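Asks: 3D, please:
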Amino acid sequence: MILLDDIYKAFGAKVVLSGFTLEVREGETMVIIGYSGTGKSVAIKHIVGLLEPDAGAVLVDDKDVTRLKRKDLYSLRERIGYVFQFAALFDSLTIGENVAMGLRKQGKLAEPEIEERVHEVLTLVDLPNAAHQLPAELSGGMRKRVGIARAVALRPKYLLYDEPTTGLDPVTSAVIDELMIRMREKLGVTGIVITHDMRSAYTVGSRIAMLYEGKVRQVGTVSEIKASQDPVVRQFIEGRAHLAGEESHAA
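Replies: Numbers count the residues shown, from 1 in each chain. Alright, predicted model coming up:
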């Protein structure tokens, strides 16, 4: 289980999170939605210790991330895969080398085992023959699939996805959605997905939480969010421009 409990985070005078609380249950895929610049990526970076809260606690399997020693933090990060928004592949390395990077750094597997694991996870994302290609030879959607393969190569318990369908056409986005569901069903991973894409949110989410003005505005199942009567939630999920008389959102 992951718990972000009453998190506050500011950068200078800009307050990003102000009492953000969210519980992610084991085996579910929690989707975090919200307007651009509201702190969704900031929130999940606390889970892996890339950011520390100004106040509040970040618990992963009952361990407070903010209190972990460096060695224990590195151990925790091995259990949390992170899929970056634009895949963040190294252009000078082959796909296989990109996927193997974390395994080689970890130093627990012999080279033949690493090669076997690389083939295993590339096959899982339907790219079994891509190991010797360079990132520039792949489409944007294929690179995102490689990003997922790299994230699961260490066999994490948790997967964090930062805008996984951004910049993709609807068909390719649907492929990424299917892969996220596959990771949950085949590998049993618990997922957190940040997205603006409500079609994707409804497809992959076990529950959906809306971040608004630094805290969770509403959290619920897909059906509960679709049926929400909260004007801010409805404006966002319906993609409506702000109308006079409605509650406005932060820019």
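Asks: Please count neighbours and contacts with C-alpha atoms only from this point.
Replies: Fine.
Asks: Show the contacting residues for residue 19.
Replies: Contacts for residue 19 (CA atoms under 8 Å, 6 or more residues apart in numbering) come out as 5, 6, 7, 8, 56, 214, 215.
Asks: again with residue 200
Replies: Contacts for residue 200 were tallied using CA under 8 Å, 6+ apart; they are 165, 173, 174, 177.
Asks: would it count as being in a helix?
Replies: Yes: counting by DSSP: H, G, I helix; E, B strand; the rest coil, residue 200 is part of a helix.
Asks: Among the contacts of residue 19, which one lies nearest to residue 198?
Replies: residue 215 (19.3 Å; CA to CA).
Asks: Can you get me a residue count around that closest one?
Replies: When neighbours are counted by other CA atoms under 10 Å, residue 215 registers 22.
Asks: let's have the chain start at 2 instead
Replies: All set: I'll call the first residue 2, so the last point we hit is now residue 216.
Asks: Which members of the contacts of residue 20 are positioned in strands?
Replies: Judged by DSSP state E, strands contain the following of those: 6, 7, 8, 9, 57, 216.
Asks: State the pair within those that is farthest apart.
Replies: Distance extremes for the ones in strands among the contacts of residue 20: the farthest pair is 57 and 216 at 12.5 Å, using CA to CA.
Asks: Dump the helix or strand where residue 226 lies to PDB, restricted to CA.
Replies: Assigning secondary structure by DSSP states H and E places residue 226 in helix 223-227. Listed next in PDB are the C-alpha coordinates belonging to helix 223-227 (Å, rounded to 0.1, in the frame of the first residue of the first chain):
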ATOM      1  CA  VAL A 223     -14.800   5.100 -12.600                       C
ATOM      2  CA  SER A 224     -18.600   4.900 -12.200                       C
ATOM      3  CA  GLU A 225     -18.500   7.300  -9.200                       C
ATOM      4  CA  ILE A 226     -16.400   9.900 -11.100                       C
ATOM      5  CA  LYS A 227     -18.600   9.700 -14.200                       C
END
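Asks: average pLDDT across the helix or strand that it is followed by?
Replies: Following the chain from helix 223-227 toward its C-terminal end, the next helix or strand by DSSP H and E is helix 232-239. In this model, helix 232-239 has an average pLDDT of 94.
Asks: tell me which residues in helix 232-239 are buried?
Replies: By neighbour count, with 16 or more other CA atoms under 10 Å as the criterion, the buried positions of helix 232-239 are 233, 234, 236, 237, 238.
Asks: Helix, strand, or coil at residue 73?
Replies: Under the three-state scheme (three-state DSSP), the conformation of residue 73 reads as helix.
Asks: One more: residue 194?
Replies: Secondary structure, three-state DSSP: residue 194 is strand.
Asks: With residue 155 instead?
Replies: With three-state DSSP as the basis, the three-state label of residue 155 is coil.
Asks: What is the neighbour count of it?
Replies: Other residues within reach of residue 155, judged by other CA under 10 Å, total 20.
Asks: Same check on the one 3 residues further on?
Replies: For residue 158, the number of neighbouring residues by other CA under 10 Å comes to 20.
Asks: Please tell me I have it right and it contacts residue 185.
Replies: No: the pair residue 158 and residue 185 fails to qualify as a contact (CA atoms under 8 Å) at a distance of 10.0 Å.
Asks: Find residues that contact each of these two.
Replies: Taking CA under 8 Å, 6+ apart as the contact rule, the neighbours common to residue 158 and residue 185 are residue 191.
Asks: Helices of this protein, residue ranges please.
Replies: Using DSSP state H, the helices of the chain run over residues 41-46, 71-78, 96-107, 112-125, 141-153, 171-188, 199-205, 223-227, 232-239.
Asks: helices and strands around the shortest one, which ones?
Replies: Contacting helix 223-227 under the criterion 3 or more CA pairs under 8 Å, 6 or more residues apart in numbering; DSSP states H and E are the following elements: strand 208-213.
Asks: what's the strand it packs on in contact with?
Replies: By CA under 8 Å, 6+ apart, the list of residues contacting strand 208-213 from outside reads 29-36, 39-41, 202, 217-223, 226, 234, 250.
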